[in-house]
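J.: when you get a sec, could you give me coordinates for this:
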Amino acid sequence: MTTPKTQRRGRAIAMSPEEVDAFLAAERTCRVATTGGDGRPHVSPLWFVWDGTSLWLNSIVKSQRWTDLAKDPRVAVVIDAGVEFGELRGVELSGRVEQVGEVPRTGEPDAGLDVPELLFARKYLGQDEFLVDGRHAWLRLTPEKLASWDFRKIQAR
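T.: As a prediction, this is how the structure comes out:
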């Protein structure tokens with residue numbers, strides 16, 4: 001595993017690794033940016049889980065996002081929160097995704113998916129059993145770059 005590049009600007013408002021982990025565990029929706037075959041960006045919301053190292057995206061395989069990423073695995077993902085300026089906080093991750101497991105996922109045992117599927121089931125379903133629907137599959141983003149911000153830290157200075 002490569003260590004993501006650290007951010008240079010905004011270090012004073014950057015989240016600590018523990019804060020990033022807690023933030024990504026709590027937030028529910030990310031925005032995934034891909035590049036289409038025509039070179040145009042495509043941004044879509046998606047549920048995700050973070051295992052402390054990688055961001056796991058459970059995507060419909062018959063989606064523009066999936067088509068884009070099959071051709072060009074480069075992606076940028078933003079997870080953010082806050083309403084007022086002084087409350088804004090978030091994480092941006094970028095790198096290349098890789099498909100993990102069956103496409104689409106039908107439920108064949110796969111030890112490599114045990115952790116993300118348990119995290120997903122607990123986060124979104126409030127249970128320990130992940131439900132497969134034969135329409136989704138897993139993408140793993142192990143970030144090459146991770147940047148974070150927490151504007152609440154500006155007021156604390």
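J.: so what's the closest residue to Phe48 other than its chain neighbours bridging to?
T.: Closest residue in space to Phe48, ignoring its immediate chain neighbours: Cys30 at 4.8 Å, by Cβ to Cβ, 6 or more residues apart in numbering. Heads up, the C-betas are built off the backbone N, CA and C, glycines and all. Beta-bridge partners of Cys30, counted by DSSP bridges, are Leu46.
J.: tell me the spacing between Cys30 and Ser63.
T.: Per Cβ to Cβ, to the nearest Å, Cys30 is found 15 Å from Ser63.
J.: higher neighbour count, the two?
T.: Cys30 (23 against 16; other Cβ atoms under 10 Å).
J.: need the contact list for that one.
T.: Contacts for Cys30 (Cβ atoms under 8 Å, 6 or more residues apart in numbering) come out as Pro45, Leu46, Trp47, Phe48, Leu55, Leu57, Val77, Val78, Ile79.
J.: same check on Val61?
T.: Contacts of Val61 by Cβ under 8 Å, 6+ apart are Val103, Pro104, Arg135, His136, Ala137.
J.: and with 6 Å instead?
T.: Val103, Pro104, Ala137 (Cβ atoms under 6 Å, 6 or more residues apart in numbering).
J.: next one: Ala121
T.: Gln127, Asp128, Glu129, Phe130.
J.: and if you look at Trp47?
T.: Counting by Cβ under 6 Å, 6+ apart, Trp47 makes contact with Tyr124.
J.: what do you get for Glu117?
T.: Applying Cβ under 6 Å, 6+ apart, one finds that Glu117 lies in contact with Phe130.
J.: select the longest helix from this structure.
T.: Longest helix of the chain, by residue count under DSSP state H: helix 17-26.
J.: report the buried residues of that helix.
T.: Val20, Asp21, Phe23, Leu24 (16 or more other Cβ atoms under 10 Å).
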